[in-house]
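Enquirer: structure here, sequence nowhere to be found:
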């Protein structure tokens with residue numbers, strides 16, 4: 001495969017449309033190939049992280065005939081067993097199953113890796129995969145911390161790798177049409193945008209005691225760079241999302257997806273300041289991240305509001321989750337079910353109208369990554385794009401955890417005059433794990 005052209009960060013951003021304001025974001029969509037790739041032109045992927053997201057991602061990759069998977073990896077043998085069955089069903093041969101992701105990176109018959117681990121394990125496999133000459137499809141958020149995300153970008157740049165973050169709505173024609181409408185100016189001046197997630201399916205997870213890890217799990221490897229703690233079933237697999245050692249709760253789990261759309265419509269300028277309030281008001285269990293949170297971002301020219309609430313499903317505009325662009329002439333509301341225009345009552349510039357949702361964008365997102373592996377062009381959700389939206393989400397949690405309004409310096413990627421907040425921008429790995437290209441830790 002041809003190497004990715006090396007360029008400065010600024011020239012890369014200019015080519016990909018990230019330096020300009022909102023109208024250029026629409027150009028980030030790279031269309032699906034008009035012709036399916038030949039099955040003879042194989043792309044061999046290794047799966048790192050075989051839980052629900054990993055198997056779902058791999059199944060989407062398998063919709064492309066050129067994809068093979070010779071190896072799957074997870075510290076939990078039951079997870080690799082499930083992934084191996086998927087590979088055998090889709091490709092007729094059983095892959096090698098390993099616990100240590102470094103065994104995947106050693107393989108010369110692996111062209112790319114899917115990193116679908118818990119968030120605290122996103123950065124290190126991605127960076128080491130780039131060093132090993134592999135391209136990377138990594139799940140969102142980009143990393144557990146802002147500092148790790150910057151190290152991932154540096155690894156991709158230095159080693160000329162194609163890397164894509166798995167926040168698939170940037171590959172959706174439906175969301176492209178809606179954000180095009182926002183940028184057209186027909187809503188008037190948009191001074192407020194909102195994203196929300198009111199999720200009634202999230203229930204208390206209880207408070208089980210610590211216990212011995214299952215014998216089929218390498219628990220120390222599962223923890224990896226995270227702090228050493230006794231095994232607790234609630235801090236494992238799906239529920240890792242609700243513990244600060246491994247993830248950022250709904251602010252990063254759902255926030256990255258939905259805030260991404262708001263930024264697509266409004267432009268790539270970073271926030272100037274952030275405030276956040278919330279806590280555990282509903283769930284009686286041993287989870288740590290807030291079940292209720294509201295975050296207010298001060299952007300140049302507009303305010304962005306994120307809010308989430310668990311245990312209920314009646315959200316804003318009668319949608320359990322979604323996004324809204326509030327303009328002087330009307331409001332655009334959208335989620336996967338479609339989008340609609342709501343006319344401002346005192347104005348007559350817009351007619352109320354509804355537009356249907358589109359197909360699942362995951363196949364197009366994966367296809368974009370595979371096409372870029374061949375062309376060596378930056379994919380739609382390259383790491384600069386993924387880092388930008390992940391940073392916005394992380395700043396919401398940093399404001400919440402410090403309990404104060406924080407002012408962001410995007411050039412230095414630091415909170416201005418706040419040592420406590422900057423410790424949350426950074427990351428400290430448990431020895432012996434070390435992250436190459438990490439500028440602060």
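Expert: Noted; the coordinates are in hand. Not measured: the values here are computed from a predicted model. Residues are numbered from 1 along each chain as shown.
Enquirer: CA only for contacts and neighbour counts going forward, please
Expert: Will do.
Enquirer: SS state for residue 222?
Expert: Three-state call for residue 222 (DSSP: H, G, I helix; E, B strand; the rest coil): helix.
Enquirer: what pLDDT does it get?
Expert: Each residue has a pLDDT score; the one for residue 222 is 98.
Enquirer: swap in residue 153?
Expert: 98.
Enquirer: is it true that it lies in a helix?
Expert: Yes. Counting by three-state DSSP, one finds residue 153 located in a helix.
Enquirer: show me where the stretch 51-200 of the chain has its strands.
Expert: 67-73, 96-98, 112-115, 135-139, 163-166, 190-199 (DSSP state E, counting those that start in this stretch).
Enquirer: over to the stretch 301-441 of the chain?
Expert: Under DSSP E, counting those that start in this stretch, the stretch 301-441 of the chain gives strands at 302-310, 321-327, 330-335, 338-343, 353-356, 406-409, 414-415.
Enquirer: each with direction, which strands does the shortest one pair with?
Expert: Sheet pairing for strand 414-415, assigned by DSSP bridges, gives strand 406-409 (antiparallel).
Enquirer: pull out the buried residues from the strand it pairs with.
Expert: Across strand 406-409, burial judged by 16 or more other CA atoms under 10 Å covers 406-408.
Enquirer: average pLDDT across that strand?
Expert: Mean predicted confidence for strand 406-409 is 98.
Enquirer: in the sheet, who's paired with residue 192?
Expert: residue 303, residue 326.
Enquirer: ok, it touching residue 323?
Expert: No. With contact defined as CA atoms under 8 Å, residue 192 does not count as touching residue 323 (10.9 Å).
Enquirer: those two: who's more crowded?
Expert: More crowded of residue 192 and residue 323, by other CA atoms under 10 Å: residue 323, with 24 against 17.
Enquirer: tell me where the stretch 51-200 of the chain has helices.
Expert: For the stretch 51-200 of the chain, the helices defined by DSSP state H, counting those that start in this stretch cover 52-61, 77-91, 101-106, 123-131, 146-158, 173-183.
Enquirer: what about stretch 367-381, start to end distance?
Expert: 12 Å (CA to CA, to the nearest Å).
Enquirer: report the distance from it to the chain centre.
Expert: From the chain centre to the centre of stretch 367-381 is a distance of 17 Å (CA atoms, centre = their mean, to the nearest Å).
Enquirer: identify each buried residue in that stretch, please.
Expert: Taking 16+ other CA under 10 Å as the criterion, stretch 367-381 shows 367-373, 376-381 as buried.
Enquirer: of these, closest to residue 271?
Expert: residue 381 (19.6 Å; CA to CA).
Enquirer: quick check: that closest one touching residue 169?
Expert: No. Residue 381 is not in contact with residue 169 according to CA under 8 Å; the separation is 9.6 Å.
Enquirer: quick one: contacts for the residue nearest the centre of the chain?
Expert: The residue lying closest to the centre of the chain (CA atoms, centre = their mean) is residue 140, at 2.0 Å. If you count contacts by CA atoms under 8 Å, 6 or more residues apart in numbering, residue 140 has them with 119, 165-167, 253, 256, 386, 390.
Enquirer: for those residues, pick the one with the most neighbours.
Expert: residue 390 (28 neighbours).
Enquirer: hang on, the earlier thing: reformat the buried residues of strand 406-409 as a markdown table; add distance to residue 276.
Expert: Shown next, in a markdown table, are the buried residues of strand 406-409 (distance: CA to CA, whole Å):
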| residue | distance to residue 276 |
| --- | --- |
| 406 | 9 |
| 407 | 12 |
| 408 | 14 |
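Enquirer: which one of those residues is nearest residue 89?
Expert: Once CA to CA is applied, the member of the buried residues of strand 406-409 that ends up nearest residue 89 is residue 408, at 48.7 Å.
Enquirer: what sits against residue 133?
Expert: Here residue 133 is in contact with 111, 159, 161 (criterion: CA under 8 Å, 6+ apart).
Enquirer: over to residue 271?
Expert: Listed by CA under 8 Å, 6+ apart, the contact partners of residue 271 are 297-300, 392, 408.
Enquirer: got the end-to-end distance for stretch 208-219?
Expert: Length of stretch 208-219, first residue to last, CA to CA: 17 Å.
Enquirer: ignore what I typed, I meant stretch 268-287.
Expert: 33 Å.
Enquirer: residues of it that come out buried?
Expert: Result for stretch 268-287 [16+ other CA under 10 Å]: buried residues 268-271, 273-278, 280, 283, 286-287.
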